[in-house]
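Chemist: Sequence first, predicted coordinates after that:
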Amino acid sequence: MHITFKVRRFDPNKEASQAFYQEFPVKTQPGMTILDALIDIKARQDGALTFRKSCRSAICGSCAMQIHGLNRLACETQVEPLKKTTLVIDPLPGFRIIKDLAVDMESFYEHLARVKPYLINEEPPPARERLQSEAEFKLIEDPIACILCASCTSSCPSFWYDTEYVGPSALTKAYRYNFDSRDHGAGERMEVLDNKHGLWRCHTIFNCMDACPKKIKITQHISNLKKMVVAERY
Ligand code: SF4
Ligand code: FES
């Protein structure tokens, strides 16, 4: 198949108003991914085209971008099944663009740090590991799959409106630790959750779940966090 890639270009040395779509013809093959096509464009047509990638296996989360209007991982989205003759590629929305498809993830990681995404437990560690029953693990198994790609936060209208909102990705991490039987940090995470830029900014729009490449039940986890906060405080 011959497909035209319309790729958003932004040069940080020029005005934002000078950003534009550049068209690149690509001859595709079965199994070719969006990332393969971008690498091909960079190798054969424009070496200055900028985008992020690392693992090429849907694990590192670095290649998230907007593919024909939907946030997706470029390395796992195949071109031909999309059945388009023209594919529009944009950077993740809601973040400052550094160049072309690369966005500034600093605010994303700052929001993540605010929810303390690590095990908090002041008790001395036992001789072996801190044990967990199968039922306890089941509670957190789903969000453990998060690869921090930011597709969810970037697709959330509440985040577009309020960039101080910690966002669905950070809230999913907060759930993952608050509901971990080995963690004692729920109290330390309370202020950032029970806040107008925290849990209550989620209006259950579900864009996050449509965008998540790991099919994590983000909205359900946020809802359970809301119930936990109400039970503790109200
Ligand atoms: S919850 Fe899903 S969409 Fe959000 S950062 Fe994690 S893997 Fe990406
Ligand atoms: S390159 Fe790592 S998730 Fe796509």
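Modeler: That came through fine. Ligands and ions are numbered 1, 2, ... in the order given.
Chemist: all contacts plus neighbour counts: C-alpha atoms, from now on.
Modeler: OK.
Chemist: and stretch 138-154, is it in reach of ligand 2?
Modeler: No: Stretch 138-154 is not in contact with ligand 2 by C-alpha under 6 Å from any ligand atom; minimum separation 7.4 Å.
Chemist: Give me the secondary structure label for T4.
Modeler: The three-state label given to T4 by DSSP: H, G, I helix; E, B strand; the rest coil is strand.
Chemist: thought it was touching E23?
Modeler: Yes: in this structure, T4 is within contact of E23 by C-alpha atoms under 8 Å, at 6.3 Å.
Chemist: Could you list every helix and strand that the longest helix seen in the chain packs against?
Modeler: With secondary structure taken from DSSP state H, the chain has its longest helix at helix 218-233. Applying 3 or more C-alpha pairs under 8 Å, 6 or more residues apart in numbering; DSSP states H and E, one finds that helix 218-233 contacts helix 167-178, helix 207-211.
Chemist: Check the average confidence over it, would you?
Modeler: Mean pLDDT, computed over helix 218-233, is 97.
Chemist: Also stretch 143-156?
Modeler: In this model, stretch 143-156 has an average pLDDT of 98.
Chemist: And it, what's buried?
Modeler: Buried residues in stretch 143-156, defined by neighbour count with 16 or more other C-alpha atoms under 10 Å: P143, C146, I147, L148, C149, A150, S151, C152, T153, S154, S155, C156.
Chemist: can it be found next to ligand 1?
Modeler: Yes: judged by C-alpha under 6 Å from any ligand atom, stretch 143-156 comes into contact with ligand 1 through C146, I147, L148, C149, A150, S151, C152.
Chemist: shouldn't the first one be in contact with K214?
Modeler: Okay, so that is C146. Yes: assessed by C-alpha under 8 Å, C146 is found in contact with K214 at 6.8 Å.
Chemist: So which bits of the chain are right by ligand 2?
Modeler: So far as C-alpha under 6 Å from any ligand atom goes, the chain lies against ligand 2 at 53-63, 73-75.
Chemist: So which residue is dead centre in the chain?
Modeler: A150 (1.7 Å; C-alpha atoms, centre = their mean).
Chemist: Tell me the spatial nearest neighbour of it, not counting adjacent residues.
Modeler: If the residues on either side of it in the chain are set aside, A150 comes closest to S169, at 6.6 Å by C-alpha to C-alpha, 6 or more residues apart in numbering.
Chemist: mind checking pLDDT for that neighbour?
Modeler: So S169 comes in at 98 (pLDDT).
Chemist: swap in K83?
Modeler: pLDDT, read off for K83, is 96.
Chemist: ok so, going back, out of the helices and strands packed on helix 218-233, flag the one nearest ligand 1.
Modeler: helix 167-178 (4.5 Å; C-alpha to the nearest ligand atom).
Chemist: After that closest one, which helix or strand is next?
Modeler: Following helix 167-178 in sequence order, the next helix or strand is helix 186-193 (DSSP states H and E).
Chemist: just checking, what packs against that following helix?
Modeler: Judged by 3+ C-alpha pairs under 8 Å, 6+ apart, helix 186-193 is in contact with helix 167-178.
Chemist: cutoff 10 Å now
Modeler: When contacts are defined as 3 or more C-alpha pairs under 10 Å, 6 or more residues apart in numbering; DSSP states H and E, helix 186-193 packs onto helix 106-114, helix 167-178, helix 218-233.
Chemist: Quickly compare those and say which is most buried.
Modeler: helix 167-178 (a mean of 27; mean count of other C-alpha atoms under 10 Å).
Chemist: Can you confirm whether that helix lies near ligand 1?
Modeler: Yes: Helix 167-178 reaches ligand 1 (C-alpha under 6 Å from any ligand atom) through S169.
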